[in-house]
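>>> could you work out the structure for the sequence below:
(one chain, ligands or ions: 1)
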Amino acid sequence: MFVLVNLKTYPCDPIAVAEAVRDVDETTDARLAVAPQAAQLERVAETGAETWAQHVDSIEHGSNTGHTLAESVADAGAVGTLINHSERRLKLADIDGAVRAAQRADLETVVCANNPAQIGAAAALGPDSVAVEPPALIGTGTPVSQADPDVVEDAVDAAATVDADVSVLCGAGISTGDDVVAAGDLGAEGVLLASGVAKADDPKAALEDLVEPL
Ligand SMILES: O=C(CO)COP(=O)(O)O
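Next comes the predicted model:
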């Protein structure tokens, strides 16, 4: 299972979380990664933790003030990027362009979507993975894999119908190892989570709990 920890703009210490991700990754067969803010990518990557960006834009080098260039994210040490997170939604053409930009920079891609229908559309753009995250459950602590299993199963089916090579993650409210196991049982190949680690008093203990049953 892939466990991708999105730090959003939570006021946590990204280096401490990254060091915990790195250390717990060494104890488990699961794959762990962390997605800090763009300004923190380089320092986080220097910890040795697998580092992801939260967003890249559909642009190339040039006159694009205030945008995030995929090549710069890769130069900072990121190996992948989220695209179209529920809190950073893009138009369809911009999702497509961001996937192309990430591929140009050799970044792995996870395109997020709110529901199974959007997952099918996202899979058609040819990312490495898609992630279904019902917005109503994000940040609630109510795990999608247990509260709304149909949405995960339907997302897995929707992606497989479009492109069997696109793997499916799920997210929203995931915070325990049982939530991750439930996600895997529904056909997800990983989870995307934030508050369960970023807001934990002890992020390393939270990560250990997440991977313990894997
Ligand atoms: O948006 C999410 C991950 O990208 C999910 O957030 P929570 O894990 O806080 O519900």
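>>> the lowest-mean-pLDDT helix or strand in the chain packs against which elements?
For the chain, counting by mean pLDDT, DSSP states H and E, helix 144-147 ranks last in confidence among helices and strands (a mean of 88). Under the contact criterion of 3 or more Cβ pairs under 8 Å, 6 or more residues apart in numbering; DSSP states H and E, helix 144-147 touches helix 149-162, strand 167-171, helix 177-185. The C-beta positions use only the backbone N, C-alpha and C, and glycine is treated the same way.
>>> buried deepest among those, which one?
strand 167-171 (a mean of 27; mean count of other Cβ atoms under 10 Å).
>>> what helix or strand is the residue lying farthest from the centre of the chain located in?
Computed with Cα atoms, centre = their mean, the maximum C-alpha offset from the centroid of the chain is found at residue 63, amounting to 28.4 Å. Using DSSP states H and E, residue 63 maps to neither a helix nor a strand.
>>> can you count the residues close to the residue of the chain found nearest the ligand?
Using Cβ to the nearest ligand atom, the closest approach of the chain to the ligand is made by residue 195 at 3.2 Å. For residue 195, the count of nearby residues is 20 (other Cβ atoms under 10 Å).
>>> which residues touch the closest residue in space to it that isn't next to it in sequence?
Counting by Cβ to Cβ, 6 or more residues apart in numbering, residue 139 is the residue found nearest to residue 195 once chain neighbours are left out, at 5.3 Å. Going by Cβ atoms under 8 Å, 6 or more residues apart in numbering, residue 139 touches 172, 173, 194, 195.
>>> wait, is residue 139 part of a strand?
No: applying DSSP: H, G, I helix; E, B strand; the rest coil, one finds residue 139 to be coil, outside a strand.
>>> coming back round to it: now the contacts of residue 139 as CSV including distance to residue 160 and pLDDT?
Listed next are the contacts of residue 139 as CSV, based on distance: Cβ to Cβ, whole Å; pLDDT from 0 to 100:
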residue, distance to residue 160, pLDDT
172, 21, 97
173, 24, 96
194, 26, 98
195, 29, 97
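>>> quick one, helices of the chain?
Secondary structure of the chain by DSSP state H: the helices cover 14-25, 41-45, 70-75, 92-104, 116-123, 144-147, 149-162, 177-185, 195-198, 203-211.
>>> which residues are contacting the third one?
When contacts are taken as Cβ under 8 Å, 6+ apart, the neighbours of helix 70-75 outside the stretch itself are 38, 41, 53, 56-57, 61, 81, 98, 101-102, 104-107.
>>> can you read off the pLDDT for the residue farthest from the centre of the chain?
Residue 63 carries a pLDDT value of 98.
>>> circling back: selection in PyMOL covering whichever of the contacts of helix 70-75 are buried, please.
Those of those that count as buried under 16 or more other Cβ atoms under 10 Å are selected in PyMOL with:
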select buried, resi 38+41+53+56+57+81+98+101+102+105+107
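>>> that'll do, ta.
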